[in-house]
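# fold the following for me, if possible:
(one chain, ligands or ions: 1)
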Amino acid sequence: MIEPAAHIWTGDDLTDDEFAAITLLLRERRQFDLDQYKDRCIRRRIAKRLRSCKVADVASYLKRLEMDRDELDTLLATISIHVSQFFRNPDTYRILEQKILPDLCRRARATGRTELTFWSAGCASGEEPYSLALLIDDMNVRDLKINILATDVSEPVLDAARCGNFEALRLKEVPPEVLDKYFYRDSGHYQVIERIRDQVEFRQHNIMTASDYPPADLILCRNVMIYFTRVEQERILSRFAATLPEHGVLVLGRSETMTGDIRRYYQSEFPVERVFRRTADPVTVADI
Ligand SMILES: C[S@@+](CC[C@H](N)C(=O)[O-])C[C@H]1O[C@@H](n2cnc3c(N)ncnc32)[C@H](O)[C@@H]1O
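Next up is the predicted model:
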């Protein structure tokens, strides 16, 4: 017998009740709150999973989610996309290397500071903070201590980041001489050398909760907030402003924009690369 063709889920075909039931399970069982994410993004991701599992109706998928912890984790991983790359958008890293990092070091020296902190917020498997660590190592700064903090909401992704082992496709933008200098080849994978791994501190942190925003002189938060509502984005941008000193730098993803009142906290320095400089405007508590 020919089986009926599986329904091609799009996400718009989930009822509100079905959508609510799935998000409730993720909140209750994985403490992952989707309220501040854009519904359409989440629906599309859930649909991707429904298509992969060839689900005929959502009720049966919900039953599976209740019993099958692995499927719940796979769904969560599908929703909170972790795709990253070493030196993703190389032009951004060129600006960091040639303009921003030397400028932050110069300002620190001029004010007698001995330490700087660079924060990769939403660091996925570590490609972004390790790329930063490679740049800094190459700059050979001896008179300043540079701390690299990398945070993500997802523990499994942080575990992978700490291992520092990557498939070749994550390293497409890494020049061969950098690969030779900073990686061991390990059966088709690349392992970041220990000296670089030790330079990055990985820590779990949810940028949607107002607490524990670390002080930082440079924040990279790229391709993380695109999935959040505008209101939530503005709250997070205010918290970043509260944590950055005047002249501190924020880098967003190339498709991300800044709108609304919070723009007074930032001056655009390299508009295409979404590099912003913190202004002197004090942050109002109501914004956070
Ligand atoms: C697409 S990756 C971006 C990785 C890297 N920043 C880049 O641009 O290549 C998005 C990351 O944001 C993380 N993320 C999503 N929601 C978050 C939250 N509320 N707090 C912290 N990280 C979050 C995800 O777990 C994922 O690893």
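# buried residues in stretch 224-237?
224-225, 227-228, 232-237 (16 or more other CB atoms under 10 Å). C-beta here means a position set from N, CA and C on the backbone, and glycine is covered the same way.
# no wait, stretch 75-89
Neighbour count says stretch 75-89 has 75-76, 78-80, 82, 84-89 buried, by 16+ other CB under 10 Å.
# of the residues you listed, which pair is most distant in space?
Across the buried residues of stretch 75-89, the longest distance by CB to CB is 30.2 Å; it joins Leu75 and Phe87.
# would you mind identifying the next helix or strand past the helix or strand of the chain at the bottom of the mean pLDDT ranking?
Least confident element among the helices and strands of the chain, by mean pLDDT, DSSP states H and E: helix 69-79 (a mean of 86). Toward the C-terminus, helix 69-79 is succeeded by helix 90-95 as the next helix or strand (DSSP states H and E).
# does that next one come close to the ligand?
No. Taking CB under 6 Å from any ligand atom as the criterion, helix 90-95 and the ligand are apart, separated by no less than 9.4 Å.
# quick one: average pLDDT of that helix?
The average of the pLDDT scores along helix 90-95 is 97.
# other residues contacting that helix?
87, 131, 135, 173, 222, 251, 254, 270, 272-275 (CB atoms under 8 Å, 6 or more residues apart in numbering).
# contacting residues for the most centrally placed residue in the chain?
Among the residues of the chain, Gly122 comes closest to the average C-alpha position under CA atoms, centre = their mean, at 2.3 Å. Gly122 makes contacts with 151-153, 207, 221-225, as judged by CB under 8 Å, 6+ apart.
# angles on the backbone of it, please.
Dihedral angles of Gly122 (phi, psi; degrees, to the nearest 10) stand at phi 80, psi 60.
# hang on, Phe166 in a strand?
Yes. Phe166: assigned to a strand according to DSSP: H, G, I helix; E, B strand; the rest coil.
# what's the separation between it and Arg94?
Look at Phe166 and Arg94: by CB to CB, to the nearest Å, they are 21 Å apart.
# looking at those two, which is more packed in?
Phe166 (24 against 13; other CB atoms under 10 Å).
# neighbours of the nearest residue to the more buried one once chain neighbours are set aside, how many?
Spatial nearest neighbour of Phe166, chain neighbours left out: Tyr190 (5.1 Å); criterion: CB to CB, 6 or more residues apart in numbering. Residues near Tyr190, counting by other CB under 10 Å, number 19.
# Tyr190 reaches Ala168, doesn't it?
Yes. Look at Tyr190 against Ala168 with CB atoms under 8 Å: they come within range, at 6.6 Å.
# using the three-state scheme, assign the residue nearest to Arg264 when sequence neighbours are not counted.
Among residues not flanking Arg264 along the chain, Asp281 sits closest, at 4.9 Å (CB to CB, 6+ apart). Assigned with three-state DSSP, Asp281 falls in the coil class.
# quick one: the residue nearest to the centre of the chain from Thr284, how far?
Gly122 sits 25 Å away from Thr284, going by CB to CB.
# just Ile219 next, same as before
Between Ile219 and Thr284 the computed distance is 19 Å (CB to CB).
# give the contact list for the residue nearest to Gly188 when sequence neighbours are not counted.
Once flanking residues are discounted, Gly188 sits nearest to Ala168: 6.6 Å by CB to CB, 6+ apart. Residues in contact with Ala168 (CB under 8 Å, 6+ apart) are 188-190.
# ok, now Met208?
Met208 sits next to 33, 36, 153, 228, 232, 236 when contact means CB under 8 Å, 6+ apart.
# which of the residues you listed sits closest to Lys63?
Nearest to Lys63, judged by CB to CB, of the contacts of Met208 is Asp33 at 22.9 Å.
# and that closest one, what does it touch?
Asp33 neighbours (CB under 8 Å, 6+ apart): 27, 208.
# and with 6 Å instead?
By CB atoms under 6 Å, 6 or more residues apart in numbering, the contact list for Asp33 reads Arg27.
# distance of it relative to the ligand?
9 Å (CB to the nearest ligand atom, to the nearest Å).
# flag every residue of the protein that's near the ligand.
80-84, 88, 122-124, 128, 152-154, 157, 206-208, 222-224, 253.
# 8 Å - rerun?
Counting by CB under 8 Å from any ligand atom, the residues of the chain lying close to the ligand are 37, 80-85, 88, 120-125, 127-128, 151-154, 157, 205-208, 220-224, 227-228, 253.
# by pLDDT, give me the weakest of the buried residues of stretch 224-237.
Within the set of those, pLDDT is lowest for Tyr227 (79).
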